[in-house]
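how does the following fold in three dimensions:
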Amino acid sequence: MNPVSQLFHFSGVAIVGATPRNPFAVQVLDGLKSVGFAGNVACINPKAEPVGDVAGYATLAEVPFALDAAVIAVRADRVPALLAECGEHGVRGVTIVSGGFLESGAAGAELQAEVVSLAKRYGIAVCGPNCLGFVSLHDRTSSYSRSNLPQTAGSVAVISHSGGMLNEVLNYGGYRGIGFSSLISSGNEAVCTVADYVDYLVDDERTSTIGLIVEGMRSSERVRAAFDRAARARKPIVAIKLGTSALAAAATATHTGAIAGSADLFVALAEQYGVTIVEDLEELCESLLLFSQARRLIVKSALSGLAAIEVSGGGKNLICDLAARRSLDLPLLGAATAERLAPILGDLSTPSNPVDLASSWDIPSSLAQHDAILDALAADGGYDVVASRVTVLPKGAIESALAHGDIVARAAGRHPAMLFTVLGRASDAINPVWQRFCVESGVTYLQGYRRGIGALANLDAYRRFLALDRGAPAQVPTLPVLPDAGELLDEVAAKDVLRALGLPVNATRFAATVDEAVAAAETIGFPVVVKGISPYATHKSDLGLVALGLRTADEVRGAAERTLAALSALGSGGGRTGISVQRQVEPGLEVIAGAFRDALYGPVVLCALGGIFAEAFDERILRLAPVTAAEAQRAIDGSKIGQLARGYRHVPASDTAPLAELLATLSAWVAHDERVAELDANPVILRGTALDIVDARIVLRPAGG
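Numbering: from 1, shown residues only. Down below sits the predicted model:
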């Protein structure tokens, strides 16, 4: 059973530390009342003081009814003993509101370790510590330290490391009309983590959409698995990643004790599993609202486009510009639809998408026009989302907006397979009359051009992700035999390993002497390249240790003599010294492929432009290993590598499919062989349908280390 179920489902709860003078505990009691909790509640404090109409007891043993949950709101140093007492009395779900644990230094870290140990011993699910608790509105249960909680349950769940940020989501999201199924302030996540909460919510039929406010990660592997389950269940996740700046990352460690981790790697994780990343609370709430009301579109397989309706040529252009910036397609009208719209619009406007009414919503005839346009767009077959841009004044009379809102609501009733939304022009205060209308009618209101188009673009991107074939994982290659010692493999040894994996490595031989170099060149076939091999020669070209385009044995001999002399001057020790002789590869598009192990996210593969484009285009493709060839291909197609591979000036077109296969194979290897600490294949040359790994280095961990 998911441990979150132990937290959310209870009939008897003790608030430990509750007195009339403890504001956190008082608000927990208020929260239980506001959600309509129907079970038994006890206050635990040394003097057995009641709080309001809730009876007080000195210990858990004195409580006359069964307890299956507790909220602890006392000093951190008292928490372990109280948690053990909970365990002895059969309590299996505990929220620890108290701070002073991992986020506060070494002493706090020891206390948190005790909490983890006790929770494991007694089988207790723990929310927190250092949190505001949770509320499950469908279950009418709460440990949330807040007086006013929503009365009505919806389908949006939000998990946040930050309690303060979660309160803001509750405030603003409620204002925007979001219906919440549950809210979880996860705090330090000593026991129950984001992965546990997401896993639970994926299985919760009452939740359609999940919001995340993430500071750091405790177990990226488990989070990744939970994100994968959410994607397969077609449950969208919309996330804010905090701690992306150096200053914020440092603050994260003192807030919840989490490691912020690389923002780029969180983005990579999100992209692999269709998680929508937003930048602020307004974006988060706008997307959560839209996603929750677009459930019927998310669960279906077919994907259509967006149509918009405006009354202003300038507004139409702004919608086009904002949509283009977000790669949101506005498909052209079908010929039959354009013909149908022409008499509705009259001489003032030409049928197009967005449709420009070239009039005013205040003109009475616009109601019939609006209604007819919506039906025409619904009949087109190329759209399943329609956004009508309607001005809703924050104050005063809004009869015109309400009338057009009613037109939208009736169109939704006639065409239930589609989503009809109203797009506001400005992101200012919402007229309370309009807000009530939207809640009662079910009309989705998107607030402001930029924010509304952004939410529509997020929905479109998520649906396109769902429509993708993510492909099958790469077959785990036969693991090559590696040296037992942890060491840096030189170019020749690294290429031997990559060749053993079945990867396309240009022919390369190691030579310890001049004669061996000449023999190697004659075996490989001219022209060849000679390079110096030394643990002290990282940048070979800078040291004069690379000779290109050698076409005869004499040229190889001379280059080998010069290279060995230069190596002798560098010294030796710590690794072999000699010469790499390799077939010279024809020019092409140079890229870098590699892998490394991140302390938080585990094995990662990367790809970037190399050669002359490396500094001009500061772009990296990052994916958590393993990655499928299809996933790698999509990442490449959307990058500068994909753009250049399609042909650019003097760079001939190249097939990137071999590069995607290379990344998939490397990712499968590093995901299954923990000996690989770092891998760098640079350059990898693409030309036509061919791919060659021209140089490489591998750093190994010691066997058993």
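
export stretch 111-131 as PDB, just CAs?
Extracted in PDB, the C-alpha atoms of stretch 111-131 (Å, rounded to 0.1, in the frame of the first residue of the first chain):
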ATOM      1  CA  LEU A 111      17.000  14.300  14.800                       C
ATOM      2  CA  GLN A 112      15.700  13.800  11.300                       C
ATOM      3  CA  ALA A 113      17.600  10.500  11.100                       C
ATOM      4  CA  GLU A 114      15.900   9.400  14.300                       C
ATOM      5  CA  VAL A 115      12.500  10.200  12.700                       C
ATOM      6  CA  VAL A 116      13.400   8.100   9.700                       C
ATOM      7  CA  SER A 117      14.500   5.200  11.900                       C
ATOM      8  CA  LEU A 118      11.400   5.300  14.100                       C
ATOM      9  CA  ALA A 119       9.100   5.600  11.100                       C
ATOM     10  CA  LYS A 120      10.600   2.500   9.600                       C
ATOM     11  CA  ARG A 121      10.500   0.600  12.900                       C
ATOM     12  CA  TYR A 122       6.800   1.200  13.400                       C
ATOM     13  CA  GLY A 123       5.600   1.500   9.800                       C
ATOM     14  CA  ILE A 124       4.600   5.100  10.100                       C
ATOM     15  CA  ALA A 125       4.000   7.300   7.100                       C
ATOM     16  CA  VAL A 126       5.300  10.800   7.900                       C
ATOM     17  CA  CYS A 127       4.500  14.100   6.200                       C
ATOM     18  CA  GLY A 128       7.300  16.600   6.900                       C
ATOM     19  CA  PRO A 129       8.900  17.500   9.100                       C
ATOM     20  CA  ASN A 130       9.100  21.300   8.600                       C
ATOM     21  CA  CYS A 131       5.800  21.500   6.700                       C
END
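
which stretches of the stretch 401-550 of the chain have low pLDDT?
476-477, 484-486, 538 (pLDDT under 70).

tell me the domain ranges of this structure?
Using automatic domain parsing, the domain ranges for the chain come out as 1-140, 150-293, 299-467, 507-583, 589-700.

end to end, how far does the last one reach?
From its first residue to its last, domain 589-700 covers 29 Å (Cα to Cα, to the nearest Å).

repeat that for the fourth one.
Looking at domain 507-583, the gap from its leading to its trailing residue is 6 Å under the measure Cα to Cα.

pull up the gap between Ala461 and Leu67, please.
Ala461 is 46 Å from Leu67, where distance means Cβ to Cβ, to the nearest Å. Just so you know, the C-beta spots here come from the backbone N, C-alpha and C atoms, and that holds for glycine as well.

neighbour count winner among the two?
More neighbours surround Leu67 than the other of Ala461 and Leu67, with 23 against 15 (other Cβ atoms under 10 Å).

what is the least confident helix or strand in this structure?
helix 246-255 (a mean of 44; mean pLDDT, DSSP states H and E).

go through the helix or strand just after that one and flag the buried ones.
Per DSSP states H and E, the first helix or strand lying C-terminal to helix 246-255 is helix 263-272. Under the neighbour-count criterion of 16 or more other Cβ atoms under 10 Å, helix 263-272 has Ala263, Leu265, Phe266, Val267, Ala268, Leu269, Ala270, Glu271, Gln272 buried.

okay, the domains of the chain in CSV with distance to Leu482 next?
What follows is these, written out as CSV (distance: least, Cβ to Cβ, whole Å):
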stretch, distance to Leu482
domain 1-140, 36
domain 150-293, 23
domain 299-467, 37
domain 507-583, 15
domain 589-700, 6
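
of these, which approaches Val497 most closely?
Distance to Val497, taken as Cβ to Cβ, is lowest for domain 589-700 among the domains of the chain, at 6.1 Å.

what about that closest one, average pLDDT?
Here domain 589-700 scores 91 as its mean pLDDT.

same question for stretch 317-335.
96.

same thing with stretch 192-204?
97.

ok, and what's touching it?
Applying Cβ atoms under 8 Å, 6 or more residues apart in numbering, the contact partners of stretch 192-204 are 2-5, 7-8, 125-127, 157, 159, 181-182, 184, 186, 207, 210, 212, 214, 217-219, 222-223, 225-227, 229-230, 233, 235, 237.

export it to PDB, keeping only CA atoms.
Only the C-alpha atoms of stretch 192-204 are listed here, as PDB (Å, rounded to 0.1, in the frame of the first residue of the first chain):
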ATOM      1  CA  CYS A 192       7.100  10.400   2.300                       C
ATOM      2  CA  THR A 193       8.600  12.100  -0.700                       C
ATOM      3  CA  VAL A 194       7.400  13.700  -3.900                       C
ATOM      4  CA  ALA A 195       7.600  10.300  -5.600                       C
ATOM      5  CA  ASP A 196       5.200   8.800  -3.000                       C
ATOM      6  CA  TYR A 197       2.700  11.600  -3.400                       C
ATOM      7  CA  VAL A 198       2.800  11.600  -7.200                       C
ATOM      8  CA  ASP A 199       2.500   7.800  -7.200                       C
ATOM      9  CA  TYR A 200      -0.600   8.000  -5.000                       C
ATOM     10  CA  LEU A 201      -2.200  10.800  -7.100                       C
ATOM     11  CA  VAL A 202      -1.600   8.900 -10.300                       C
ATOM     12  CA  ASP A 203      -3.800   6.100  -8.900                       C
ATOM     13  CA  ASP A 204      -6.400   8.500  -7.400                       C
END
